[in-house]
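Chemist: Structure for this input, please:
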Amino acid sequence: MGPVLGFAPYCDLTDMAACQGLSLDEAACIPFFRPGEAPKGLEHVGVCGVAP
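Modeler: As a prediction, this is how the structure comes out:
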C-alpha cells in the first residue's frame, strides 16, 4: 500500500459519507489492507485520505 496523504480517522468502506466534513475535498475512505490481506471481519476497514 502506498502512502496515504491527508491521513484521518479509520472509516467503513461501505459508508459513502464516512469522510465527509474533512478539510480535504478529495478525501475518501480507502482500503486499509491490500486486496485479499484483510483479517476475517475487517474487510470493510479503511482510512480517510487521498489515494495516490
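Chemist: Going by C-alpha atoms from here, please, whenever you check contacts or count neighbours.
Modeler: Will do.
Chemist: so how far is residue 33 from the residue of the chain most remote from its centre?
Modeler: Centroid-distance maximum for the chain: residue 40 at 17.3 Å, with C-alpha atoms, centre = their mean. Residue 40 is 11 Å from residue 33, where distance means C-alpha to C-alpha, to the nearest Å.
Chemist: swap in residue 39?
Modeler: Using C-alpha to C-alpha, residue 39 is found at 9 Å from residue 33.
Chemist: Residue ranges in this protein under the pLDDT threshold?
Modeler: By pLDDT under 70, the low-scoring segments of the chain are 1-8.
Chemist: mind running it again at 90?
Modeler: For the chain, the stretches flagged by pLDDT under 90 are 1-9, 16-27, 49-52.
Chemist: I figured residue 14 hits residue 46, correct?
Modeler: No. In this structure, residue 14 is not within contact of residue 46 by C-alpha atoms under 8 Å, at 9.4 Å.
Chemist: for the closest residue to residue 30 other than its chain neighbours, helix, strand, or coil?
Modeler: Nearest non-adjacent residue to residue 30, counting by C-alpha to C-alpha, 6 or more residues apart in numbering: residue 46, 5.1 Å away. Classification of residue 46 using DSSP: H, G, I helix; E, B strand; the rest coil returns strand.
Chemist: contacting residues around residue 46?
Modeler: Applying C-alpha atoms under 8 Å, 6 or more residues apart in numbering to residue 46 gives the contacts 10-13, 29-33.
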